[in-house]
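Chemist: need the 3D shape of this:
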Amino acid sequence: MAESDKVFAGSIPKFYDTLMVPLIFEAYAANMAGLVASSSPRAVLETAAGSGVVTRALAPRLGADASYVVTDLNQPMLDYAATRQGFDGRIQWQQADALGLPFEDASFDVVCCQFGAMFFPDRTAGYAEARRVLRLGGRFVFSVWDRIEENAFADAVTDAVAGVFPHDPPRFLARTPHGYHDVALIREELRRAGFVDIAIETRAELSRAPSARDVATAYCQGTPLRNEIEARDASLLQLATDRAMQAITSRHGEGPVTGKIQAHVIVAAA
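Modeler: Numbers count the residues shown, from 1 in each chain. Here you go, the predicted model:
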């Protein structure tokens with residue numbers, strides 16, 4: 001994974017939250033919040049929280065006496081998430097690396113992580129950290145995207161942007177968000193980290209947007225794909241966005257657009 005894949009700064013957090021979150025993350029956040037809250041946990045840790053879509057879905061479902069620690073590696077994303085959440089005395093916001101969590105052993109009933117594991121430089125180490133901070137019988141609930149071909153908009157954007165840079169196509173979406181989809185590998189890395197009871201569900205949802213322009217802007221300007229485009233030629237960011245819009249319009253029509261998204265949702269017990 002390129003270092004630029006992990007940089008969510010500048011205008012990216014705002015575009016990410018206002019465009020990407022409703023486009024592909026909200027439906028899965030609601031499902032994850034239900035899975036986490038189902039066991040009535042007293043102590044929850046969220047890693048790679050991003051702009052806080054799971055936090056906003058989960059906090060209302062937790063008990064009044066619950067504690068909820070929300071972390072992310074990227075301070076700008078965490079700062080943005082905190083402004084969107086509003087004050088909640090149960091929530092503690094803390095910058096933290098999921099591969100080196102600053103918490104005592106057996107501190108949490110549930111660790112959750114929506115679409116963050118793909119960014120871990122060493123996933124087995126990240127899973128081992130989640131298991132370390134879980135109490136006996138606790139659960140690690142997380143999700144990862146399925147392969148890019150099962151995610152219509154990401155696939156179309158990747159192909160379109162590649163046409164702008166044919167000799168050095170930006171591959172962020174295929175390489176990182178959609179690069180960790182092998183269920184057998186996921187199980188193996190969880191087992192290496194010490195998890196035994198592992199359940200994996202592949203969930204398809206629909207991604208909706210008011211226009212192809214919104215989708216193109218979300219992916220090209222609200223994710224680290226923007227970093228890849230600007231590293232090649234910042235003056236071509238708008239052209240790349242326009243080409244992505246044209247590709248989505250060609251495949252999905254004018255006006256409001258709908259496309260398939262698909263992910264794996266994993267629950268592993270400590």
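
Chemist: from here on, just use CA atoms for contacts and neighbour counts.
Modeler: Will do.

Chemist: would you map the strands across the stretch 1-150 of the chain?
Modeler: With DSSP state E, counting those that start in this stretch as the criterion, the stretch 1-150 of the chain has strands at 43-46, 67-72, 91-95, 108-114, 134-145.

Chemist: and the contacts of the last one?
Modeler: To tie it back to what came earlier, the one meant is strand 134-145. Contacts to strand 134-145, defined as CA atoms under 8 Å, 6 or more residues apart in numbering, come from residues 32, 35-36, 105-118, 130-131, 177-178, 180-181, 262-270.

Chemist: show the buried residues in those residues.
Modeler: 32, 35-36, 107-118, 130-131, 177-178, 180-181, 262-270 (16 or more other CA atoms under 10 Å).

Chemist: of these, which belong to helices?
Modeler: Counted as lying in helices by DSSP state H, out of the buried ones among the contacts of strand 134-145, are 32, 35-36, 130-131.

Chemist: just give me the longest helix of this protein.
Modeler: Ordering each helix of the chain by length in residues (DSSP H) puts helix 237-252 first.

Chemist: any buried residues in that helix, and which?
Modeler: Within helix 237-252, the residues that qualify as buried by neighbour count (16+ other CA under 10 Å) are 237, 240-249, 252.

Chemist: from the chain's centre, how far out does that helix sit?
Modeler: Offset of helix 237-252 from its chain centre (CA atoms, centre = their mean, to the nearest Å): 23 Å.

Chemist: same list (the ones in helices among the buried ones among the contacts of strand 134-145) but as a markdown table, adding pLDDT and distance to Pro22.
Modeler: Shown next, in a markdown table, are these (pLDDT from 0 to 100; distance: CA to CA, whole Å):
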| residue | pLDDT | distance to Pro22 |
| --- | --- | --- |
| Met32 | 97 | 15 |
| Leu35 | 97 | 20 |
| Val36 | 98 | 21 |
| Ala130 | 98 | 27 |
| Arg131 | 98 | 30 |
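
Chemist: can those residues go into a markdown table with extra columns for distance to Asp214?
Modeler: Formatted as a markdown table, these follow (distance: CA to CA, whole Å):
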| residue | distance to Asp214 |
| --- | --- |
| Met32 | 25 |
| Leu35 | 30 |
| Val36 | 31 |
| Ala130 | 35 |
| Arg131 | 38 |
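
Chemist: quick one on the thing from earlier: so which of the strands of the stretch 1-150 of the chain is nearest Val164?
Modeler: Nearest to Val164 among these is strand 134-145; the distance by CA to CA comes to 25.2 Å.

Chemist: next secondary structure after the closest one?
Modeler: Downstream of strand 134-145, the first helix or strand assigned by DSSP states H and E is helix 152-164.

Chemist: who touches the next helix or strand after that following helix?
Modeler: Sequence order places helix 172-175 as the next helix or strand after helix 152-164, per DSSP H and E. By CA under 8 Å, 6+ apart, the residues outside helix 172-175 that reach it are 1, 5, 147-148, 154-155, 158, 179, 224-225, 228.

Chemist: quick one: which of these is most hemmed in?
Modeler: In terms of neighbour count, Ala154 stands highest of these at 26 neighbours, by other CA atoms under 10 Å.

Chemist: hmm, that residue is touching Tyr219, no?
Modeler: Yes - contact criterion CA atoms under 8 Å: Ala154 and Tyr219 qualify, at 7.4 Å.

Chemist: contact partners for Gln75?
Modeler: Gln75 makes contact with Gln95 under the criterion CA under 8 Å, 6+ apart.
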